[in-house]
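In: A predicted structure for the sequence below; I have some questions about it.
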Amino acid sequence: MERTIAYVALFAALIAALGFMPRIDLVAGVPITLQSFGVMLAGTVLGARRGALAVLVFVGLIALGLPLLSGGANLWTVLYTPRIGYVIGFPVAAYVTGWLTERLTGLPLGAAAALASIGGGMMALYAIGIPVAAYMNEFTLQETAMGALAFLPGDLVKAGAAGLVTGQLARMRPGAVLSRTT
Amino acid sequence: MSEFSHGIELQFASVTLGGKPVLEDLTLRLTEARIGVLGRNGSGKTTLLRLMAGLIAPDRGQVRVDGVDPFRNRKATLAALGILFQNPDHQILFPTVEEELAFGLVQQGLTPEEAAGRVAALLVAEGRAHWAKVPVSTLSQGQRHYLCLMTVLLMQPRTILLDEPLAGLDLPTQARLARRFAALPQRLVTITHDPAVLAGADRVLWLEAGRIVADGPPGEVVPAFTAEMDLIGAQDADADLAG
Amino acid sequence: MLTPTSPVESPYSRWPAGVKLALVAGLGMVIGALSHVALLAMALALVWLTFLPVGRAEAARLPLRLRPLWPFILVIGGWHILRGTPDVGLAVILRMLIMVAAATLLLLTTRFDALLATFSTLFRPFERLGLPVERIALALAMAVRFIPVLSQRAADLALAWRARSARNPRHRLLTPLALSALDEAERSAEALRARSASV
């Protein structure tokens, strides 16, 4: 129990800390933020239940007004912006990512984690984020989905990075990658 | 408090970590007021501390603190024993001083209101009432050590385990903390690689490769330990890679 | 870094956090149902006026606080103009501005611990349904404690990188940062066990 609380709290803190990190230039000129990478990693490392809990704790922190979303926003300041759908989708994204990581046991962990991140951190996240953003902006689903295409390359790179980092963590701290140990 | 306190007992306790034996068949009965455990890095002394504190369970054998199993009976252990970690940053769990202080009291069964009252009283008694709402991240290293000691003392354990209590502190802070430790009514078990810290001890144990190699008053154990360390230091020991 | 606001003393500071929260949530529902641009513009003006009791300086600073929203305004407004629905675009943008302004006022006049207490009270009834409210509160507090620790770790890693490289640190810092989170988690699990009976 102590371990669950500690891992959940530390991954919520990690997702917040990633939001403070300077944006990384993926290809020159196209900045990507790392917060959704943190959400993927919560799933691939902690597994479905604990990963989703960690993201829920993060959402709890921004609901309390802490400016932890990248760019210094909190839940209330994104409430009526298109971002709200993605924030609501974060816990689900972590859950699906973790669920897939736990089940893709036939693959090496790094590959499984990258695929799971595409399934959870991208497909599940878009499935919630796009309709909500469309509703908020009064655009059609197609229009919003077209707009979301701009994030596709960055998110793919993040999913790849989540796979890579998960694989490295498993080699360095085998007991700490809870998605594959319990 | 001494009539309830029968100290720390180990019977044939062994700990294996990652397939390697770290502590082997330790049998000990610690009842003195000031006890030191001396050992090099990797001798198993931190594992011994974790074992005595009930943070880990022995693979074989038994551990008892004032008659209770510290791993299984957490509630009773909280009243029996507190630990001061070597690095305060590994001990502090909460964002503000008052939350950090109150947590252990609530775990001991106090209501949040009672705990808040005890915390406020302690901070006033220590002349640090203005610390209550301060974020722990703004405290200096010495202040964080002090906060950790307050946290442990507030829970009023009968025994306190100290892990390298003075390592990495500047000299005035070391002197202040050492004075504070010396005045405590509790039984203190100090774990260290530095024999100088154990000058006032009643009993010193020398731990090497998970076994006790010497056990007695500091006047006997410390000179033998120092001579051995000098001998090892003269060799080019750093070239060895730990397995 | 983590104080959302430095609460300004104002008449609103004495209002219970729960009341203010309910007002902001209520406002959100009302403007969600409104689509008339003039009404929404009036609502924005009203929210701006409610800043006055806090002080003229804060009221004057509101446009500055709303400035980070410009990319959304550009994209949403631009696309709605292109597809021939400029009034809908304006309504969407106004709703966004109203909510951000109202949320800013709430946080400007409410302390973090007051909001935390409100949330705990709000969720207390769910405890009977099996929601571990106390453990969640514990995890929230621990997360707040470790955010500056991990941010500092990220900054230190970037420095260590620059000390030995002319290029900007990139993805290679992510693994050591995540590793720090895992190690801190193990250590704080131990520290938690050292002081707790049965969490």
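Out: Nice, I can see it.
In: who touches the helix or strand hosting C:L115?
Out: Secondary structure assignment for C:L115, by DSSP states H and E: helix C:112-123. Residues outside helix C:112-123 that contact it (CB atoms under 8 Å, 6 or more residues apart in numbering or on different chains) are A:60, A:63-66, C:2-4, C:16-18, C:21, C:131, C:133, C:136-137, C:140. Where you see a C-beta, it was placed from the backbone N, CA and C, and this is true even at glycine.
In: So which of those are in helices?
Out: With DSSP state H as the criterion, helices contain A:G60, A:A63, C:A17, C:G18, C:L21, C:V133, C:I136, C:A137, C:L140 from among those.
In: For the residues you listed, pick the one with the most neighbours.
Out: C:L140 (24 neighbours; other CB atoms under 10 Å in any protein chain shown).
In: isn't that residue right up against A:V57?
Out: Yes. Contact criterion CB atoms under 8 Å: C:L140 and A:V57 qualify, at 5.9 Å.
In: Can you check which residues contact both of these two?
Out: Shared contacts of C:L140 and A:V57, counting by CB under 8 Å, 6+ apart, come down to A:A9, A:A12.
In: Break chain C into its domains for me.
Out: Following automatic domain parsing, one finds the domains of chain C at C:11-124, C:132-195.
In: mind showing which ranges of chain C have poor pLDDT?
Out: C:1-8, C:168-170, C:198-199 (pLDDT under 70).
In: Could you pull out the strands in it for me?
Out: Along chain C, counting by DSSP state E, no stretch forms strands.
In: Near chain B, which residues of it are found?
Out: Within chain C, the positions lying close to chain B (CB under 8 Å from any CB of the partner chain) are C:2, C:141-142, C:144-145, C:148-149, C:187-188, C:190-199.
In: can we see that at 7 Å?
Out: For chain C, the contact set with chain B under CB under 7 Å from any CB of the partner chain comprises C:141-142, C:144-145, C:148, C:187-188, C:190-198.
In: Which PyMOL command selects the buried ones in those residues?
Out: A single PyMOL command selects the buried members of those (16 or more other CB atoms under 10 Å in any protein chain shown):
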select buried, chain C and resi 141+142+144+145+148+187+188+190+191+192+193+194+195+196+197
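In: contacts with chain A among the residues of chain C next to chain B, please.
Out: Among those, the residues lying close to chain A (CB under 7 Å from any CB) are C:M142, C:V144, C:S188, C:L192, C:R193.
In: For chain A, name the helix or strand with the lowest mean pLDDT.
Out: strand A:24-27 (a mean of 52; mean pLDDT, DSSP states H and E).
In: give me the low-pLDDT residue ranges for chain B?
Out: Counting by pLDDT under 70, chain B contains low-confidence residues at B:1-5, B:236-243.
In: all strands for it, in order.
Out: Under DSSP E, chain B gives strands at B:8-17, B:20-30, B:34-39, B:60-65, B:81-84, B:159-163, B:187-192, B:203-208, B:211-216.
In: strands paired with the longest one, and their directions?
Out: The one in question is strand B:20-30. When pairs are called by DSSP bridges, strand B:20-30 turns out to pair with strand B:8-17 (antiparallel).
In: tell me the angle of the strand it pairs with relative to strand B:60-65?
Out: With axes from the mean of the first three to the mean of the last three CA atoms, to 10 degrees applied, the angle from strand B:8-17 to strand B:60-65 works out at 140 degrees.
In: Give me every residue in contact with strand B:8-17, excluding its own residues.
Out: Residues outside strand B:8-17 that contact it (CB atoms under 7 Å, 6 or more residues apart in numbering or on different chains) are B:21-30, B:47, B:51-52, B:56, B:58-65, B:159.
In: Filter those residues down to the buried ones, ChimeraX style.
Out: Here is the ChimeraX command that picks out the buried ones among the contacts of strand B:8-17, judged by 16+ other CB under 10 Å:
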select /B:22,23,24,26,28,30,47,51,52,56,58,61,63,64,65,159
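In: how close does A:W76 get to chain C?
Out: Separation of A:W76 from chain C (CB to the nearest CB, to the nearest Å) stands at 3 Å.
In: can you confirm that residue is in a strand?
Out: No. Assessed with DSSP: H, G, I helix; E, B strand; the rest coil, A:W76 is coil; it does not lie in a strand.
In: what about it, distance to C:M96?
Out: In this view, A:W76 and C:M96 are 12 Å apart by CB to CB, to the nearest Å.
In: Can you pull out the low-pLDDT segments for chain A?
Out: Low-confidence segments of chain A (pLDDT under 70): A:22-32, A:182.
In: ok, now how distant is B:L188 from A:A112?
Out: 50 Å.
In: likewise B:T16?
Out: 31 Å.
In: what's the answer for C:G32, then?
Out: C:G32 sits 41 Å away from A:A112, taking CB to CB as the criterion.
In: which of those two has more neighbours?
Out: When neighbours are counted by other CB under 10 Å, C:G32 and A:A112 differ, and A:A112 comes out ahead with 23 against 13.
In: Regarding that one, which helix or strand does it belong to?
Out: helix A:109-117.
In: Now find how far off-centre that helix is within its chain.
Out: 13 Å (CA atoms, centre = their mean, to the nearest Å).
In: Mind checking what helix or strand follows that helix in sequence?
Out: That would be, after helix A:109-117 and using DSSP H and E, helix A:125-137.
In: and that following helix, is it in reach of chain C?
Out: Yes. For helix A:125-137, a contact with chain C is found by CB under 7 Å from any CB, at A:M136, A:N137.
In: mind listing what A:N137 touches?
Out: Neighbour list for A:N137: A:P82, A:T144, C:I76, C:V92 [criterion: CB under 7 Å, 6+ apart].
In: For chain B, what lies in contact range of chain C?
Out: Residues of chain B that fall close to chain C, judged by CB under 7 Å from any CB: B:53, B:55, B:74-75, B:78, B:83, B:85, B:90-95, B:99, B:103-104, B:107, B:136-137.
In: and chain A, which of those reach it?
Out: Applying CB under 7 Å from any CB to the residues of chain B next to chain C, one finds that nothing falls near chain A.
In: Which among those count as buried?
Out: Looks like the residues of chain B next to chain C have B:53, B:55, B:74, B:78, B:83, B:85, B:90-95, B:99, B:103-104, B:107, B:136-137 buried, using 16+ other CB under 10 Å.
In: Columns distance to C:E9 on top of the strands of chain B, output as a markdown table?
Out: Putting the strands of chain B into a markdown table (distance: least, CB to CB, whole Å) gives the following:
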| stretch | distance to C:E9 |
| --- | --- |
| strand B:8-17 | 54 |
| strand B:20-30 | 56 |
| strand B:34-39 | 52 |
| strand B:60-65 | 51 |
| strand B:81-84 | 40 |
| strand B:159-163 | 44 |
| strand B:187-192 | 48 |
| strand B:203-208 | 58 |
| strand B:211-216 | 63 |
